[in-house]
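Q: below is the sequence, then the predicted model.
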Amino acid sequence: MKPFFEDTATAFAIKSDTALERAYFLFKLISKQPLVKLGTLVTNFAIKAGMPVEGLIRATVFDHFCGGISETDCIPVMEKMHEKQVFSVLDYSVEGKADQAYFDQVVTKITSLISFAKTKPYIPFVVFKPTALGAIDLYEKVGTTQQLTSKEQADWELIKNRFHSICKAAYDQNIPLLIDGEESWMQDAADALVLEMMKTYNKDQVLIYNTLQAYRWDRMDYIKDLLEQSKYDGFKVGIKLVRGAYMEKERLRAKNYGYVSPICETKQATDHNFNNILTYMIGELEHISIFLGTHNEESSYLLIEQMEQKGISLKDPRIWFGQLYGMSDHISYNLSAKGYNVSKYLPFGPVKDVMPYLMRRAEENTSVAGQTNRELDLLSKERKRRKLG
Ligand SMILES: Cc1cc2nc3c(=O)[nH]c(=O)nc-3n(C[C@H](O)[C@H](O)[C@H](O)COP(=O)(O)OP(=O)(O)OC[C@H]3O[C@@H](n4cnc5c(N)ncnc54)[C@H](O)[C@@H]3O)c2cc1C
């Protein structure tokens with residue numbers, strides 16, 4: 001297969017010259033670690049001090065990585081992406097809140113997003129994070145089978161009910177749901193809950209997707225067990241396959257508490273695990289649907305090759321590719337131009353509430369230097385192409 005992600009005219013077709021310049025400028029800034037650190041500090045301070053910086057944030061980093069402040073505000077962005085057959089996964093990215101009122105508000109929000117998705121042909125999935133429905137400490141306690149107080153027991157029932165409410169709404173409206181993966185110490189309890197949801201709502205088709213983080217060396221066993229159970233109990237499996245976003249935190253915690261880190265020792269080992277799990281899942285397509293969440297070109301080509309070898313249609317509804325909005329457009333738009341199913345996670349929410357998400361994007365791009373340089377190379381190639389053209 002000939003590589004085709006380098007086509008920058010296709011990759012950036014919906015970007016105006018101004019948006020292209022902004023992206024180039026942003027990634028240039030992001031590539032400089034001290035600037036990101038300083039920018040993060042100053043912006044946090046300015047927001048806390050009530051300084052009028054929202055307009056500036058919105059015109060720069062926010063509009064590059066987010067779709068808008070509400071789902072309706074995202075419509076123009078989603079429609080534009082859809083012109084090129086790139087779909088949207090609206091990601092309500094308000095982070096850092098953790099009380100019962102907020103957890104209930106998230107249920108209302110996600111349920112309304114499911115109804116919203118039903119009316120829009122360009123939203124194939126809705127997504128949520130388990131810790132947006134309950135406290136992370138409680139997931140950890142449940143996952144490690146610690147004794148719960150009666151209050152904790154009641155709170156855990158609330159979490160379960162919240163899961164059921166959202167999944168039932170997705171089932172009633174026939175909208176697939178992606179459930180994000182988070183820190184390993186809360187993930188066992190979340191995995192068990194998602195399994196319950198799959199057993200209930202994935203009987204005939206895949207509506208509920210769990211996330212599998214391939215940087216965890218135990219995840220091949222996890223997927224094998226899950227598939228075995230699905231065959232035994234008669235339900236289908238949905239998996240969003242990613243590498244995993246919490247590596248530093250995971251390693252630090254394992255070191256501090258003195259247990260073996262759940263993360264593969266090297267990047268190469270993670271890549272190997274990721275590709276093996278992907279290959280295994282493709283062989284089980286009768287029972288599983290796959291959402292491949294990655295900016296890694298090799299992994300994306302691997303899936304393409306496997307689809308070719310097995311004669312799987314490009315538009316097979318069991319296979320989706322996914323990237324984050326504002327990143328790796330060369331993968332998304334070149335895939336959609338060829339006819340593959342592609343969607344972008346499109347974060348949205350009030351500017352000050354999505355700041356933690358934006359900070360993480362900036363920090364992640366700074367630490368994954370290879371990806372930032374790749375974005376810069378592609379953007380500069382396209383700038384040159386437009387100047388010459
Ligand atoms: C659509 C989408 C949805 C996502 N949803 C989630 C989610 O629900 N939960 C979640 O945790 N993440 C999620 N992510 C983020 C994802 O896990 C990765 O952090 C991110 O995509 C970078 O990995 P990559 O495959 O794109 O690229 P690459 O650049 O090839 O890989 C980088 C990743 O490799 C791993 N890695 C890097 N260095 C090492 C090392 N020294 N040793 C071992 N492993 C290493 C880390 O996981 C790192 O993030 C999502 C990403 C996308 C695109």
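A: Now that the structure is in, tell me what you want to look at. Residues are numbered from 1 along each chain as shown.
Q: list phi and psi for the residue in the stretch 51-200 of the chain that the ligand sits nearest to.
A: Proximity of the stretch 51-200 of the chain to the ligand (CB to the nearest ligand atom) peaks at D180, 3.4 Å away. C-beta: built from backbone N, CA, C; applies to glycine. Backbone torsions for D180, taken as degrees, to the nearest 10, come to phi -60, psi 160.
Q: that one contacts F128, correct?
A: Yes - D180 sits in contact with F128 when judged by CB atoms under 8 Å, with a separation of 7.0 Å.
Q: residue numbers of the protein in contact with the ligand?
A: Counting by CB under 6 Å from any ligand atom, the chain comes close to the ligand at 180-181, 211, 213, 215, 242-247, 263-264, 266-267, 270, 293-296, 322-324, 345, 368, 371.
Q: and those residues, which of them are in helices?
A: Per DSSP state H, helices hold the following members of those: M247, K267, T270, Q371.
Q: quick check, pLDDT for the second one.
A: In other words, K267. Looking at K267, its pLDDT reads 96.
Q: how much space between it and G389?
A: Counting by CB to CB, to the nearest Å, the separation of K267 from G389 is 37 Å.
Q: cool, and F291?
A: Counting by CB to CB - F291 and G389 are separated by 35 Å.
Q: ditto for S289
A: Taking CB to CB, one finds S289 at 40 Å from G389.
Q: quick one: mean pLDDT over stretch 31-46.
A: Averaging pLDDT along stretch 31-46 gives 72.
Q: partners of the residue of the stretch 201-350 of the chain found nearest the ligand in the sheet?
A: Relative to the ligand, the nearest point of the stretch 201-350 of the chain is G293 (3.0 Å; CB to the nearest ligand atom). Per DSSP bridges, residues listed as beta-bridge partners of G293: G322.
Q: list the contacts of it.
A: T211, K240, L241, V242, G322, Q323, Y345 (CB atoms under 8 Å, 6 or more residues apart in numbering).
Q: for L212, grab the count of nearby residues.
A: 25 (other CB atoms under 10 Å).
Q: just checking, it touches G181?
A: Yes - look at L212 against G181 with CB under 8 Å: they come within range, at 6.9 Å.
Q: now the common contact residues for these two.
A: Common contact partners of L212 and G181 (CB under 8 Å, 6+ apart): K240, V242.
Q: C-terminal to the helix or strand of the chain with the lowest mean pLDDT, what's the next element?
A: In the chain, no helix or strand scores lower on mean pLDDT, DSSP states H and E than helix 33-48, which sits at a mean of 71. Of the helices and strands lying after helix 33-48 in sequence (DSSP states H and E), the nearest is helix 54-57.
Q: secondary structure class for Y209?
A: Recorded secondary structure, Y209: strand (DSSP: H, G, I helix; E, B strand; the rest coil).
Q: so what pairs up with it in the strands?
A: Under DSSP bridges, the beta-bridge partners of Y209 are L178, G238.
Q: run a quick neighbour tally on it.
A: A total of 27 residues lie near Y209 under the criterion other CB under 10 Å.
Q: and it, what is it in contact with?
A: Y209 touches F125, P176, L177, L178, I179, G238, I239, K240, S289, F291, counting by CB under 8 Å, 6+ apart.
Q: for the residues you listed, give me JSON lines that also has neighbour count and pLDDT.
A: Listed next are the contacts of Y209 as JSON lines, based on neighbours: other CB atoms under 10 Å; pLDDT from 0 to 100:
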{"residue": "F125", "neighbour count": "24", "pLDDT": "98"}
{"residue": "P176", "neighbour count": "25", "pLDDT": "98"}
{"residue": "L177", "neighbour count": "25", "pLDDT": "98"}
{"residue": "L178", "neighbour count": "25", "pLDDT": "98"}
{"residue": "I179", "neighbour count": "25", "pLDDT": "98"}
{"residue": "G238", "neighbour count": "26", "pLDDT": "98"}
{"residue": "I239", "neighbour count": "24", "pLDDT": "98"}
{"residue": "K240", "neighbour count": "23", "pLDDT": "98"}
{"residue": "S289", "neighbour count": "22", "pLDDT": "98"}
{"residue": "F291", "neighbour count": "25", "pLDDT": "98"}
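Q: so which of those is the closest to L138?
A: Using CB to CB, I179 is the member of these that sits closest to L138, with 16.7 Å.
Q: wait, that closest one touches T131, no?
A: No - the pair I179 and T131 fails to qualify as a contact (CB under 8 Å) at a distance of 11.0 Å.
Q: need phi/psi at S31.
A: Torsion angles, degrees, to the nearest 10, at S31: phi -70, psi -10.
Q: wait, it sits on N373?
A: Yes - using CB under 8 Å, S31 is in contact with N373, at 7.0 Å.
Q: okay, those two: which has more neighbours?
A: Legend: neighbour count by other CB under 10 Å for S31 and N373, higher for S31 (16 against 12).
Q: now that one: closest residue in space, sequence neighbours ignored.
A: T372 (4.9 Å; CB to CB, 6 or more residues apart in numbering).
Q: report the separation between the one you found and W185.
A: Using CB to CB, T372 is found at 29 Å from W185.
Q: which residues does Y340 contact?
A: Contacts of Y340 by CB under 8 Å, 6+ apart are I304, L314, K315, I319, F321.
Q: and the two most separated of these?
A: The most widely separated members of those, counting by CB to CB, are I304 and K315 (13.3 Å).
Q: give me the number of neighbouring residues for N341.
A: N341: 22 surrounding residues under other CB under 10 Å.
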